[in-house]
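Asker: with the input below, show me the fold.
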Amino acid sequence: MVANQKAYERGLEDLKLTCDAYIEDLRRRIPCEAIGPHIERHDVRNGQNGTKNVMGVSTTKEFREPTSKVNRNDLANYKVVKPRQISFVQTTHNEKVFCNALNNTDEDIVVTSVNEVFSTNENKLLPEYLVMFFNRTEFDRYARYHSWGSARETFTWDDLIKVQIPIADMEVQRSIVDIYTAYKQRRSINEKLKVQIKDLCPILIKGSIEEGRNTEEA
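Answerer: As a prediction, the model looks like this:
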């Protein structure tokens, strides 16, 4: 079982390498352009009767349950992240990466008011395509290098709109996003497999010990 899981995991890395190689090829073939004209900043507050679906943006570049205690009855000033919108953490000093997450659910999410929230013009730039660039280690280095401030290094909205990427035609964007989506789905399955194997091990060991004892008694 472990061998099968490891083989599955190696296949994941092949998919990730395919995505990275595709992006590098695009960077060589297509002139890069600033994303600023193709994204729109949002500052919609949750209000008194808004959603309780509060999330944080993790260093793994996904939405996750807040690590600190949050009063879910006091979310009026939190920013709303609607489906297919992206939120990012401006500080890079503590996280060491560009923390961002795409709301790929059908429900609104709320995040702390210090986060930025934006959408893309999906006739020109798919949000999934954009976060693929954000999720590369090369972009983490870029964001860290372009962060400013002595106490807390910050990568702001003004810094973001200057980011340049190769904006491929929509058919190419959809193709590479499909590969990346398959990678993320399989990564999720792999994590579940590891948990299941971990949970099964004590049961299998116990069964093996009991079977050995029964064999000796026979």
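Asker: quick one: low-confidence ranges for this structure?
Answerer: By pLDDT under 70, the low-scoring segments of the chain are 1-12, 150-151, 190, 201-218.
Asker: go again with 50.
Answerer: Across the chain, nothing is flagged by pLDDT under 50.
Asker: need the strands for it, in chain order.
Answerer: Assigned by DSSP state E, the chain shows strands spanning 32-34, 39-42, 56-57, 63-64, 79-81, 86-88, 100-102, 109-111, 116-120, 164-166.
Asker: I'd like the ones you listed laid out as TSV, including mean neighbour count and distance to V195.
Answerer: From N, CA and C alone the C-beta is placed, and that goes for glycine too. Converted to TSV, the strands of the chain look like this (neighbours: other C-beta atoms under 10 Å; distance: least, C-beta to C-beta, whole Å):
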stretch	mean neighbour count	distance to V195
strand 32-34	13	40
strand 39-42	15	36
strand 56-57	21	22
strand 63-64	16	16
strand 79-81	24	28
strand 86-88	23	27
strand 100-102	23	22
strand 109-111	25	25
strand 116-120	20	32
strand 164-166	17	35
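Asker: count of residues packed around D14?
Answerer: 9 (other C-beta atoms under 10 Å).
Asker: before we move on, what about H38?
Answerer: If you count neighbours by other C-beta under 10 Å, H38 ends up with 18.
Asker: go ahead and confirm it touches I167.
Answerer: Yes - taking C-beta atoms under 8 Å as the definition, H38 is a contact partner of I167 at 7.1 Å.
Asker: intersection of neighbour lists for these two?
Answerer: Common contact partners of H38 and I167 (C-beta atoms under 8 Å, 6 or more residues apart in numbering): 124-125.
Asker: show me what contacts the closest residue to D108 other than its chain neighbours?
Answerer: Nearest-residue entry for D108: T51, 4.9 Å, with adjacent residues in sequence omitted and distances by C-beta to C-beta, 6 or more residues apart in numbering. Taking C-beta under 8 Å, 6+ apart, we find T51 in contact with 75, 80, 107-110.
Asker: quick one on the thing from earlier: which of the strands of the chain sits closest to D20?
Answerer: D20 lies closest, by C-beta to C-beta, to one member of these: strand 164-166, at 13.7 Å.
Asker: gap between the residue lying closest to H146 once chain neighbours are set aside and R27?
Answerer: By the measure of C-beta to C-beta, 6+ apart, the closest residue to H146 outside its immediate chain neighbours is D159, 5.4 Å from it. From D159 over to R27 the distance is 20 Å, taken as C-beta to C-beta, to the nearest Å.
Asker: go on, E13?
Answerer: E13 is 21 Å from R27, by C-beta to C-beta.
Asker: tell me which of those two has more neighbours.
Answerer: The neighbour count for E13 versus R27, taken as other C-beta under 10 Å, is higher for R27 (15 against 10).
Asker: wait, the more buried one touches Q164, no?
Answerer: No - here R27 lies out of contact with Q164, judged by C-beta under 8 Å, at a distance of 9.8 Å.
Asker: quick one: the helices in this structure, in order.
Answerer: In the chain, helices defined by DSSP state H lie at 2-29, 127-134, 137-145, 157-160, 170-217, listed in chain order.
Asker: tell me the angle the third one makes with helix 127-134.
Answerer: Orientation check (axes from the mean of the first three to the mean of the last three C-alpha atoms, to 10 degrees): helix 137-145 against helix 127-134 gives 70 degrees.
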